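Peer 1: Could you look at this predicted model? Sequence included:
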Amino acid sequence: MVYSGGMEPELPADGIAPGTSFGLPGELGVPSHERHLPDWCGEAGKPWPDKDQDRGLVMPEQGIFAVFDGVSANENGGLAAQRAADTVETTYQRAEPAVAGRHVSSVVDELKGCCDAATTRIVQEYPGAATTAVVARLVTEAEGDEGKGTYVAWVSVGDSRLYLLRDGELTQITTDEAFGSGLTNALGGHYGGVRRAGAFMARPGDRLLLLTDGITGKGQSDMLNRQEMLEACAGRTAKEAADELLRISRANDDKKVVVVDPQVA
């Protein structure tokens with residue numbers, strides 16, 4: 001994918017992935033759902049009629065997973081979401097294999113910088129347009145507050161969500177930045193794009209869910225509850241779980257879901 005517009009974000013010094021045996025040569029720039037993905041990650045989505053503003057990004061070799069939801073108040077919301085996805089993909093497409101001993105906080109800082117670069121591009125190219133973002137990166141052999149191991153670094157802006165499914169418990173990692181039916185934060189527009197971010201150590205059996213509000217729902221009538229989400233994941237592969245979450249979603253909106261099972265020794 002060719003980078004266009006603004007200053008190209010600085011590439012990370014190294015790429016830390018959950019495994020380097022699965023490569024995607026020649027597939028960068030191809031929509032994630034059209035790629036051959038390993039069985040530990042899956043993606044599903046569906047545009048709403050006359051509306052296509054959600055985007056997903058799955059880069060298994062680089063350990064990058066993301067969802068974006070363009071703000072519908074602007075006709076260029078979908079373009080803002082696509083530009084954010086492009087920025088993340090461009091930044092990490094040349095990432096290299098893991099380097100032991102790197103601290104996970106530096107990966108978090110990179111993700112923040114990536115969001116800043118996306119905001120700059122959106123503001124320059126599509127004034128007034130904006131998008132939510134949840135971006136997660138798996139890093140192996142990293143140092144962190146919980147010792148050395150595999151970590152999930154994440155950043156979020158807006159009301160798209162990251163959940164952790166661990167030992168039968170579903171925990172929302174991100175915080176919704178919305179009031180009523182409106183957002184209080186996003187990349188682009190007038191929002192400022194202040195990023196919430198963090199990291200946690202992954203454990204065997206963990207599952208990550210990245211969801212736009214077309215999947216989770218927005219109100220009492222269409223909101224998926226935790227039990228429904230747990231049942232959608234139970235006994236299913238990552239791809240099957242993504243498809244099931246899409247199937248049971250009730251919101252009248254664009255929908256995008258990415259499911260990841262971190263490969264932890």
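Peer 2: Looks like it came in fine.
Peer 1: Show me which residues of stretch 113-123 are buried.
Peer 2: 113-115, 117-123 (16 or more other CB atoms under 10 Å). (C-beta placed from N, C-alpha, C; glycine too.)
Peer 1: those strands in the stretch 101-250 of the chain, which residues are they?
Peer 2: 130-131, 133-144, 147-157, 161-166, 169-172, 178-179, 182-183, 187-188, 196-201, 207-211 (DSSP state E, counting those that start in this stretch).
Peer 1: Export those strands to a markdown table and append columns for mean pLDDT, distance to Val258 and mean neighbour count.
Peer 2: Below are the strands of the stretch 101-250 of the chain laid out as a markdown table (pLDDT from 0 to 100; distance: least, CB to CB, whole Å; neighbours: other CB atoms under 10 Å):
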| stretch | mean pLDDT | distance to Val258 | mean neighbour count |
| --- | --- | --- | --- |
| strand 130-131 | 96 | 15 | 33 |
| strand 133-144 | 92 | 9 | 25 |
| strand 147-157 | 94 | 12 | 23 |
| strand 161-166 | 98 | 10 | 20 |
| strand 169-172 | 98 | 15 | 12 |
| strand 178-179 | 86 | 20 | 12 |
| strand 182-183 | 88 | 20 | 16 |
| strand 187-188 | 95 | 18 | 32 |
| strand 196-201 | 96 | 18 | 18 |
| strand 207-211 | 98 | 4 | 26 |
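Peer 1: circling back to that earlier point, and the buried residues of stretch 113-123, which of them are in helices?
Peer 2: Using DSSP state H, the subset of the buried residues of stretch 113-123 located in helices is 113-115, 117-123.
Peer 1: Among those, which one lies nearest to Gln220?
Peer 2: Nearest to Gln220 among those: Cys115, at 30.9 Å, using CB to CB.
Peer 1: What is the nearest of the buried residues of stretch 113-123 to Asp254?
Peer 2: Using CB to CB, the buried residues of stretch 113-123 come closest to Asp254 at Ile122, 17.7 Å.
Peer 1: Now do the contacts for that closest one.
Peer 2: 80, 83-84, 129-131, 187-189 (CB atoms under 8 Å, 6 or more residues apart in numbering).
Peer 1: Let's have the ones in helices among the buried residues of stretch 113-123 in a markdown table, adding distance to Arg166.
Peer 2: Formatted as a markdown table, those follow (distance: CB to CB, whole Å):
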| residue | distance to Arg166 |
| --- | --- |
| Gly113 | 29 |
| Cys114 | 26 |
| Cys115 | 26 |
| Ala117 | 32 |
| Ala118 | 29 |
| Thr119 | 32 |
| Thr120 | 36 |
| Arg121 | 35 |
| Ile122 | 34 |
| Val123 | 37 |
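Peer 1: nearest to Glu228, of the residues you listed?
Peer 2: Taking these together and measuring to Glu228 by CB to CB, the closest member is Cys115, at 30.1 Å.
Peer 1: Look up how far Gly219 lies from the closest residue in space to that closest one that isn't next to it in sequence.
Peer 2: Of all residues beyond its chain neighbours, the one nearest Cys115 is Arg195 (5.1 Å), with distances taken as CB to CB, 6 or more residues apart in numbering. Relative to Gly219, Arg195 is positioned 26 Å away (CB to CB, to the nearest Å).
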